[in-house]
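> Build me a model:
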Amino acid sequence: MTDLAIIGGGPAGYTAAEKAAKAGLSTILFEKEALGGVCLNEGCIPTKTLLYSAKLYDQARHSEKYGVSSEGTVFDYAAILKRKTKVLRKLGGGIKVRLRDAGVTVVEGEARIEGRNDGVFTISCNSQQFEARNILVCTGSSAFVPPVPGLDRSKVLTSTEALELQEIPQSITIIGGGVIGMEFASLFNSFGSRVTVIEMLPQILGTLDAEIAGMLQEAYARKGVEFHLGCKVTGIDGRTVRFTCPDGSCAVSESDQVLISAGRRANISGLGLESIGVECGRGINVDSRMRTNVPGVYAAGDVTGFSMLAHTAGREAEVAVCNILGKDCEMRYDAIPGVVYTNPEVASVGLTEAQAIAEGRDIRVAKLPMQYSGRFVAENEAGSGICKIIAESGSGRLLGVHMIGNPCSEILGAACMALAHGMTASDFSSSVLPHPSVTEMLKETAGLLVK
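Numbers count the residues shown, from 1 in each chain. Modelled structure (predicted):
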């Protein structure tokens, strides 16, 4: 008998396990594959490790702009993959140590909920039975492969297989221009692939600020990436992709590889959720305290089908554990950051201008080019970008911050804290920030909103 059984050892699962165990709950965690989940093993970390190598390669090839000669620059993709594996092992080992030190029992195997009796849940794993007073489901998500006519699953890639390619293809067609699709477009473009992106929506990065998404598209079009927006894929023959264009005409894209980047789906099947009556929609339905409709059953992370981001999962896990401990804690989604690790990077938090207008809010918008920052100019020769801030007209309360330009992923944290704590443009602009730093862009842009 344990206080808490956690199914899934990704960012939500291992965060919850460590927090619960340190709070005194007897905790068991089931993981059928590898600790760290999708983020560590086939998502965030391996992708960013490869993208960093690609960024270094880009910088070396263009180092003459900074007065540094690096003739004959080459990349060794086998060595890059070897480093990726080393990074994953190091971080995976760290998670194991954290859980061990917290006193979490880790069981390797596929867990299934068998039922509930007198408030106690029964879980089976590896032909054994386990009992728990509470369950937290953190089984994550999987890449979605749409039912495209002619698609042969053995001849196309998802992000999982793309990370395991042993060599860079000469050409690749990416179906989907969202965050994952654009990060892979960046990776393969940097390493010399001819990249084609086919996106059904009229813009890439559909949920992001349209102006910034357009700037990123222009940047990659200049690098040679071919975009087909507002297009619907109608069939795949081997590695030939057929699609219709906005004007109704038909076109094809032929390449050495095809990458399907059509989003992810919550892993809710095969868990035995129906045995205890847990309600599901796109994922497991939860309230703001991460509770399902069944008392004692919680869910966090991608499996809820809502905000499929590792940092969201971690906070949802903390909220779930707090409520299991009897503390009143609710999940907020109004200050969840999003980053696209392309080159240049895109980072955002809060409402976009279009979202704020759609909600009927009276807003003011300010923006400045990144070249306004001395640090940015010093480190980004011929680089461009903007910082854009949306605030309420009356109160001046910050509603959204959106940026394109390196290294906006590392300065977004200040904006996240500002939105989370209800800061106004005046509060932000009166802050003292280090000079020279790109972070100053936040202060200077917010200052434009102060009357």
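
> and Gly24, backbone torsions?
Dihedral pair for Gly24: phi 100, psi 0, per degrees, to the nearest 10.

> does Ala185 really touch Ile174, like I thought?
Yes - contact status for Ala185 versus Ile174: in contact at 5.6 Å, counting by CB atoms under 8 Å. Using the backbone N, CA and C atoms, a C-beta is placed for each residue, glycine as well.

> Now list whatever residues contact both of those two.
Residues touching both Ala185 and Ile174 comprise Val195, Val197, with contact defined as CB atoms under 8 Å, 6 or more residues apart in numbering.

> what sits against the closest residue in space to Gly181 that isn't next to it in sequence?
Sequence neighbours aside, Ser261 is the residue nearest to Gly181 in space, at 3.6 Å (criterion: CB to CB, 6 or more residues apart in numbering). For Ser261, the residues meeting the contact criterion (CB under 8 Å, 6+ apart) are Ala143, Thr158, Ser159, Ile174, Ile175, Gly176, Gly177, Gly178, Ile180, Gly181, Phe184.

> hmm, try it at 7 Å
Ser261 makes contacts with Ser159, Ile174, Ile175, Gly176, Gly178, Ile180, Gly181, Phe184, as judged by CB atoms under 7 Å, 6 or more residues apart in numbering.

> Going by neighbour count, which of the residues you listed comes out on top?
Comparing those by number of neighbours (other CB atoms under 10 Å), Ile174 comes first, having 29 neighbours.

> Now do that residue, the pLDDT please.
The confidence metric pLDDT takes the value 98 at Ile174.

> Using the three-state scheme, assign it.
At Ile174, secondary structure determined by DSSP: H, G, I helix; E, B strand; the rest coil is strand.

> Okay, helices next: where are they in this protein?
Ranges of helices in the chain, per DSSP state H, are 11-22, 37-42, 44-61, 77-102, 159-162, 179-190, 210-222, 310-324, 353-358, 374-379, 408-420, 425-429, 440-447.

> Least confident of these, on average?
Out of those, the stretch the model trusts least by mean pLDDT is helix 37-42, with a mean of 90.

> okay, it in CSV with CA atoms only?
This file holds the C-alpha atoms of helix 37-42, laid out as CSV (Å, rounded to 0.1, in the frame of the first residue of the first chain):
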residue,chain,number,x,y,z
GLY,A,37,9.8,10.8,-20.8
VAL,A,38,9.4,12.3,-24.3
CYS,A,39,11.1,15.6,-23.3
LEU,A,40,14.4,14.0,-22.3
ASN,A,41,14.5,11.0,-24.6
GLU,A,42,12.9,12.0,-27.9
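
> roughly how far is that helix from the heart of the chain?
Relative to the chain's own centre, helix 37-42 is displaced by 11 Å; criterion: CA atoms, centre = their mean, to the nearest Å.

> what does stretch 38-57 give?
Averaged C-alpha coordinates place stretch 38-57 at 12 Å from its chain's average position (CA atoms, centre = their mean).

> Contact partners for Leu398?
With contact set as CB under 7 Å, 6+ apart, Leu398 has these partners: Ile389, Ala391, Ala418, Leu419, Met423, Thr424, Ala425, Phe428.

> at 10 Å instead, please
Contacts here follow CB atoms under 10 Å, 6 or more residues apart in numbering; on that basis Leu398 touches 335, 349-351, 389-392, 415, 418-425, 427-428, 442, 446, 449.
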